[in-house]
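**Student:** turn this into a model:
(one chain, ligands or ions: 2)
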Amino acid sequence: MLSMEQVDFAYERRHPILRKVSLSLTAGEFVAFAGRNGSGKTTVTRLLMGLEQPTAGRIVYDGVDVTADSAGERSRYIGYVFQQPERQMFRATVAEEVAFGPQLQGLSAEEVETRVGEALAATRLTERRDAYPLHLSRGEKQRVAIASALAMRTRFLILDEPTSGQDGGDRDTLLALLTTLKEAGIGVLFVTHDMEIIAGYCDRVIVLADADIVFDGTPEQLFTQETMPDAWGLAVPVSVRIGRQLPGAPYCPRMSDVVQRLVAGGVR
Ligand SMILES: Nc1ncnc2c1ncn2[C@@H]1O[C@H](COP(=O)(O)OP(=O)(O)O)[C@@H](O)[C@H]1O
Ligand SMILES: [Mg+2]
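**Tutor:** Numbering: from 1, shown residues only. Ligands and ions are numbered 1, 2, ... in the order given. Prediction:
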């Protein structure tokens, strides 16, 4: 388990960004992290990763306080995909980029090569292994960052708004990959504004507003609430809204659920 306990945070002497924030992520779950622009989502991911230090509270990994551990140390168990993944790529080829972490860990050349080969296969980048990372598409760069985490065998993966500004094909490829990783036991924290993804793919959703966690539950619990305050910056997905109008008002997390209901109703 990866947790943040009672964390306070502010950039320099500015107003507090987080006040006594606690949240946790378990292996094998796909968790959405939502909230308005500027609410502090990226800040939370940077605190989990060790790129920022809390002013109070702690970060805990498997019962151990890791607040003082550097981002490099935490990269053994947390993979991180930046909103702009090119900012985390420094090497001349995709394979070298993915090999970087395992090499730093001091693994043998043979073990590094095995891990790189497996990570590239899992992310469908085998054919791009000799490509220059900065020449790849955004979707491919994200997959290089994910491959780097897989090569480190991290238990957790954090992605900061990976699907914003992305086309449908890249989005579907990414979601299919993340679903596979979740099923393999990796805990995924996915920062997103996409209500369709939250409803259709995520096991849990955490919402940040006014420097605190204002919701932590299933997407169904979130989208079937009486009201969602404007401050949360959320909307009910179209499929859920249509579902409410159907006989029996079923909860429809995806459009395919709506279609299924309509087909079933038509046959009857
Ligand atoms: N390096 C920084 N220095 C000062 N203020 C920052 C810095 N990074 C972010 N902020 C401010 O902190 C708040 C939260 O930012 P951020 O965590 O990026 O939110 P989100 O990812 O939810 O959009 C915003 O008001 C933002 O302007
Ligand atoms: Mg952000």
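
**Student:** show me the strands in this protein, by range?
**Tutor:** 2-9, 18-25, 30-34, 56-61, 64-65, 78-81, 156-160, 187-191, 204-209, 212-217 (DSSP state E).

**Student:** for residue 115, find the nearest of the ones you listed.
**Tutor:** Residue 115 lies closest to strand 78-81 among the strands of the chain, at 13.1 Å (Cβ to Cβ). From N, CA and C alone the C-beta is placed, and that goes for glycine too.

**Student:** in its sheet, what does the closest one sit against?
**Tutor:** As defined by DSSP bridges, the strand partners of strand 78-81 come to strand 156-160 (parallel).

**Student:** next, the angle strand 187-191 makes with the longest helix anywhere in the chain.
**Tutor:** The longest helix of the chain (DSSP state H) is helix 168-183. On the basis of axes from the mean of the first three to the mean of the last three Cα atoms, to 10 degrees, helix 168-183 is oriented at 150 degrees to strand 187-191.

**Student:** what does helix 168-183 rub up against?
**Tutor:** For helix 168-183, the surrounding residues in contact (Cβ atoms under 8 Å, 6 or more residues apart in numbering) are 28-30, 122-124, 137-139, 142-143, 146, 150, 157, 159, 162-163, 166, 188, 190, 197, 201, 203.

**Student:** OK, contacts around residue 140?
**Tutor:** Listed by Cβ under 8 Å, 6+ apart, the contact set of residue 140 reads 125, 128.

**Student:** contacting residues for the residue lying closest to residue 112 once chain neighbours are set aside?
**Tutor:** Once flanking residues are discounted, residue 112 sits nearest to residue 102: 4.6 Å by Cβ to Cβ, 6 or more residues apart in numbering. For residue 102, the contact set (Cβ under 8 Å, 6+ apart) comprises 111-112, 115-116, 151-152.

**Student:** where does the longest helix of the chain sit relative to the chain's centre, distance-wise?
**Tutor:** Using Cα atoms, centre = their mean, to the nearest Å, the mean C-alpha position of helix 168-183 is found 11 Å from that of the whole chain.
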